[in-house]
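Colleague: with the input below, show me the fold.
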Amino acid sequence: MSPLLTVKGLLVRFGGIVALDDVTFEVQRGHICGIIGPNGSGKTTLFNCLSRLYQPASGEIIFDGHALLRIPGHRIARLGIGRTFQNVALFRTLTVRDNVLVGAHSRRHGSFISDALRLPRVARDERRAGEQVIELLDLIGLGRMAGTIVSDLTFGIQKRVELARALAAQPKLLLLDEPAAGLSHEEVEELATLIVSLRDRLRTTILLVEHHMNLVMRISDQVVALNFGRVIDRGPPAQVQRHPEVIRAYLGSAA
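Modeller: This next block holds a predicted model:
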């Protein structure tokens, strides 16, 4: 089976600083791939390339047979890539349901005219999207909070709402940028179970950037370790966590 995502020779520079240097790896369909590395190693820069916020100086990204770097950023969601961010970015005065419904917008097929005239097709699309959002909220344990204003929720629950919004676009590839940041130990445990469940039930491939090593090593099928913008190891979690350069990058000493 061909990989869902292939990254080849990715190079990103910010002035004289090389943020990514010849980054190359693959992610198989249905896998959870963890991206690890110290602060400043290039993890978020990589995500910004995958979501078309940054344009690399050179290299190639192939997603589901498409040359991603040739596709404009506004088409990424419809192509099948969803993303969460390090900092929660929700509409705080809207309900949980309405926030998640925003994520389903990329799957709609209406136009300015059909929406303005409220044609029957528009009503059907809106009704179907609303039903799918409720099903999704039930799946991740937020069904009873559908009508709650987001600003009234705890930080951990808001992170789940953002996750639900990304899933509402029905992505083939889900990019999770530090989903465990700011969560309690109990919430991290729940998150680990949820991520694996979403992968299995929705058949979504997941690329995970995370500093919580226990979480990454427990749920990932493969791990890519970055340091100073370069891949220092990639492979099964047990292999990567024993690699001398990975240990040195985190602990500052040889294995």
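Colleague: domains for this structure, by residue range?
Modeller: Each structural domain of the chain that the record assigns through automatic domain parsing is listed here as a residue range: 1-80+171-255, 91-170.
Colleague: CSV for the ones you listed, including mean neighbour count and mean pLDDT?
Modeller: In this view, the C-beta of every residue, glycine as well, is placed from N, C-alpha and C. Listed next are those as CSV, based on neighbours: other C-beta atoms under 10 Å; pLDDT from 0 to 100:
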stretch, mean neighbour count, mean pLDDT
domain 1-80+171-255, 17, 92
domain 91-170, 16, 84
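Colleague: which parts of the protein are helices?
Modeller: Listed in chain order, the helices of the chain (DSSP state H) span residues 43-50, 76-79, 96-103, 112-117, 120-139, 155-167, 185-202, 213-219, 237-240, 244-251.
Colleague: and of the ones you listed, who's closest to residue 89?
Modeller: Comparison of the helices of the chain against residue 89 by C-beta to C-beta identifies helix 155-167 as nearest, at 7.1 Å.
Colleague: how about the helices of the chain in CSV, adding distance to residue 64?
Modeller: Written out in CSV, the entries for those read as follows (distance: least, C-beta to C-beta, whole Å):
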stretch, distance to residue 64
helix 43-50, 12
helix 76-79, 8
helix 96-103, 19
helix 112-117, 29
helix 120-139, 22
helix 155-167, 17
helix 185-202, 16
helix 213-219, 23
helix 237-240, 25
helix 244-251, 30
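Colleague: how close does the nearest residue to residue 228 once chain neighbours are set aside sit to residue 7?
Modeller: Spatial nearest neighbour of residue 228, chain neighbours left out: residue 41 (6.4 Å); criterion: C-beta to C-beta, 6 or more residues apart in numbering. Note on residue 41: its distance to residue 7, by C-beta to C-beta, to the nearest Å, is 15 Å.
Colleague: and if you look at residue 226?
Modeller: 12 Å.
Colleague: joint contacts of the two?
Modeller: In terms of C-beta atoms under 8 Å, 6 or more residues apart in numbering, residue 226 and residue 7 are both contacted by the residues 23, 46.
Colleague: how far does stretch 28-47 sit from its chain's centre?
Modeller: Put simply, stretch 28-47 sits 10 Å off its chain's centre (C-alpha atoms, centre = their mean, to the nearest Å).
Colleague: now the end-to-end length of it.
Modeller: Between the opening and closing residues of stretch 28-47 lies a distance of 17 Å (C-alpha to C-alpha, to the nearest Å).
Colleague: could you do stretch 82-90 as well?
Modeller: With C-alpha to C-alpha as the measure, stretch 82-90 spans 15 Å from end to end.
Colleague: neighbouring contacts of it?
Modeller: 44, 47, 51, 99, 103, 150, 155, 158-159, 161-163, 165-167, 169, 171, 173-179, 181.
Colleague: the residue nearest to residue 228 touches residue 231, doesn't it?
Modeller: No - the pair residue 41 and residue 231 does not pass the contact test of C-beta atoms under 8 Å, sitting 10.0 Å apart.
Colleague: quick check: bridge partners of the residue nearest the centre of the chain?
Modeller: The centre of the chain sits closest to residue 175, judged by C-alpha atoms, centre = their mean, with a distance of 1.4 Å. Beta-bridge partners recorded for residue 175 (DSSP bridges): residue 83, residue 207.
Colleague: surely it and residue 207 touch.
Modeller: Yes - under the criterion of C-beta under 8 Å, residue 175 is in contact with residue 207, at a separation of 5.1 Å.
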